[in-house]
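A.B. asks: Fold the following for me, if possible:
(2 chains)
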There are 2 protein chains.
Amino acid sequence: MEEIYVFGHKSPDTDTICSAIAYAKIKNLTPARLGEINEETKFVLEKFCVEIPRPIENVEGKKVVLVDHNEFQQSADGIEKAEIVEVIDHHKIKFSYDKPIKFLTEPLGSTATVIAKYFESDIEKIEVNEKKKIKGLLLSAILSDTVVFKSPTTTEEDKKIANELAKAVGIDALIKFGIDIKKAKGSIRGKTVESIIMADFKEFDFNGKKVGIGQTEIVDINEIYEIKAQISKFLENLKNENYEMTVFVATDIIKEGSELFFAGDKSKIEKAFGIKVVGNFVYIPGLMSRKKQVVPKLQQVF
Amino acid sequence: MEEIYVFGHKSPDTDTICSAIAYAKIKNLTPARLGEINEETKFVLEKFCVEIPRPIENVEGKKVVLVDHNEFQQSADGIEKAEIVEVIDHHKIKFSYDKPIKFLTEPLGSTATVIAKYFESDIEKIEVNEKKKIKGLLLSAILSDTVVFKSPTTTEEDKKIANELAKAVGIDALIKFGIDIKKAKGSIRGKTVESIIMADFKEFDFNGKKVGIGQTEIVDINEIYEIKAQISKFLENLKNENYEMTVFVATDIIKEGSELFFAGDKSKIEKAFGIKVVGNFVYIPGLMSRKKQVVPKLQQVF
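C.D. replies: Numbers count the residues shown, from 1 in each chain, chains lettered A, B, ... in the order given. The predicted structure follows:
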């Protein structure tokens, strides 16, 4: 039988990788990834003894299942000429395809939550060791994508399902495990500014204007201030190359707020967030989610 | 609480109306319709003692759930400014929305099948008389949209779920019930050509070109030949007003084939279906489904 590849978005995060692996295991498909995995995801895969999915370059002519994204802009090269079999996601929808397919999205905290919710009976049928791995991956992805339930994208279903998964996997201290996952991403010290900003960077089309938004989660916000000049310079160069605006959101998961750096029209940032900005970065308390708190606000002003 | 309206596409058919009513009953929402119901749907609603949903004109500013369609072109006026809460469908996807929502499509024979499959446990919780109505509506919609399992859109799941619903509703002769539903649409004699063509008429955007495709199901194909000149004239006028091409598919559910009338570039029809056409209509054996056998083929040649 022809191989069907399951993968998430470019600049893969833990939800994208774990959802791809879990769904591939559930449906007997081939997991893949678009880009390198980060330290956090590596920690999770090692924890549950799961192999890193193979990279995939161009999917033209291939059969694919998209998880954790549905916009072609965030997908593999050649996606316009791939045969899309299914989409499982939790993001906003911008999708068009010529024939009816299975397409399932729900505004839950992670794609892993959607998978755990709708494919529970499939998961239960799987052999016990594999099942434990799947549940461990899904649990980790929920904790990661909801920033240990601190993100405003978190729903009651995320918490409920995560607790059930934790019980099944034998993890008692759920929150501690979540913070361990987040800490695994580690210090940004010693990393290049490019690798920090581009590790989780997404492109958006706001009314025909291209906007790029990177995000990182940190445990100690001071590390960001040490490199603020380099961040601004990098965003400025990146903008001049290819974007109307570039944004970098450094989210302090302990303080529960973000330092938002940008290059582009300042008045748009001020209008979007209803704040006065001096310079080219600003701390916004409570800002945790690119998807829920940055993208919709910026989209509105464009 | 603010009302949430559930409705299907314009020119409502039995699947659109029954899915809207059933889903509204399941989720305690308000069913609505875009346009008049047809004789077939009327027969079904009377059979299960269910009221005709209220018409809805403009949905600007309203909260809505779309069933049995997802393209704005087929939806209510003002849909661009409505708050879309959910989409449940079985058609191809052309959808864009600014925030994450619940969106569920699967390539099954009817939207009713998708509802019956994914909301089974919700349905089971409903009071016994209401439950029987919901199941009767879903069963009727499956039989209608799959043309009593003769349409190539029919899947094994449609048959399995229809059989389970029939058992629950107490209908022994499933196929006979399906044909009764189809017959209820009745003869086209005495109807105006406009009402025959426009009763189930959908607009499509093929590569920027507007194409309108109507379909009717008939038990006696000879009735169509009696009005072939009027049909051609009507399609021609309609095309000149607003379309690149207009098509009317008269499907004989007994013979299992369709007489396809068209106004527009004949070579496109010939290329799409791989046939030689003399005049402006042609009989195509085995052609039952607009969605699966007409739309994709025409889209490819545009």
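
A.B. asks: Quick one: residues in contact with the one helix or strand residue A:65 maps to.
C.D. replies: Using DSSP states H and E, residue A:65 maps to strand A:63-67. Here strand A:63-67 makes contact (CB atoms under 8 Å, 6 or more residues apart in numbering or on different chains) with A:2-8, A:16, A:19-20, A:23-24, A:27, A:29, A:75-76, A:79, A:82-89, A:111, A:115. The way it works is simple: take the backbone N, C-alpha and C, and place the C-beta from them, glycine included.

A.B. asks: Weed out the non-buried ones from those residues.
C.D. replies: Buried by 16 or more other CB atoms under 10 Å in any protein chain shown: A:4-8, A:16, A:19-20, A:23-24, A:29, A:75-76, A:79, A:82, A:84-89, A:111, A:115, out of the contacts of strand A:63-67.

A.B. asks: Show me the residues you listed that map onto strands.
C.D. replies: Among the buried ones among the contacts of strand A:63-67, the members found in strands (DSSP state E) are A:4, A:5, A:6, A:7, A:84, A:85, A:86, A:87, A:88, A:89.

A.B. asks: OK, contacts around the fourth one?
C.D. replies: Residues in contact with residue A:7 (CB under 8 Å, 6+ apart) are A:16, A:20, A:31-34, A:53, A:56, A:64-67, A:76.

A.B. asks: What count of nearby residues applies to residue A:71?
C.D. replies: Residue A:71 sits with 20 neighbouring residues when counted by other CB atoms under 10 Å in any protein chain shown.

A.B. asks: Dihedrals phi and psi, it?
C.D. replies: Phi and psi for residue A:71, reported as degrees, to the nearest 10, are phi -80, psi 130.

A.B. asks: Check what pLDDT it gets.
C.D. replies: At residue A:71, the pLDDT value in this model is 95.

A.B. asks: now do residue A:160
C.D. replies: Residue A:160 is given a pLDDT of 98.

A.B. asks: Could you do residue A:1 as well?
C.D. replies: We have a pLDDT of 62 for residue A:1.

A.B. asks: Next up, the contacts around the closest residue to residue A:118 other than its chain neighbours.
C.D. replies: Leaving out its chain neighbours, the residue that sits closest to residue A:118 by CB to CB, 6 or more residues apart in numbering or on different chains is residue A:104, at 6.3 Å. Residues in contact with residue A:104 (CB under 8 Å, 6+ apart) are A:86, A:87, A:88, A:89, A:114, A:118, B:103, B:104, B:105.

A.B. asks: where does the third one sit relative to residue A:143, distance-wise?
C.D. replies: Spelled out, that is residue A:88. 19 Å (CB to CB, to the nearest Å).

A.B. asks: surely residue A:301 meets residue A:272?
C.D. replies: Yes. If you go by CB atoms under 8 Å, residue A:301 and residue A:272 touch, sitting 4.7 Å apart.

A.B. asks: Compare neighbour counts for these two and give me the winner.
C.D. replies: residue A:272 (20 against 15).

A.B. asks: how about the nearest residue to the closest residue to chain B within the stretch 101-250 of chain A, chain neighbours excluded?
C.D. replies: For the stretch 101-250 of chain A and chain B, the shortest gap (CB to the nearest CB) falls at residue A:107, measuring 3.9 Å. Closest residue in space to residue A:107, ignoring its immediate chain neighbours: residue B:100 at 3.9 Å, by CB to CB, 6+ apart.

A.B. asks: Just give the number of residues close to that neighbour.
C.D. replies: 19.

A.B. asks: ok, back up a step: TSV for the ones in strands among the buried ones among the contacts of strand A:63-67, including pLDDT?
C.D. replies: Formatted as TSV, those follow (pLDDT from 0 to 100):
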residue	pLDDT
A:4	97
A:5	98
A:6	98
A:7	98
A:84	97
A:85	97
A:86	98
A:87	98
A:88	98
A:89	98
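
A.B. asks: Enumerate the residues of the stretch 1-150 of chain A near chain B.
C.D. replies: Selection of the stretch 1-150 of chain A residues close to chain B by CB under 8 Å from any CB of the partner chain yields A:90-107, A:118.

A.B. asks: Among these, which ones are in helices?
C.D. replies: residue A:118 (DSSP state H).
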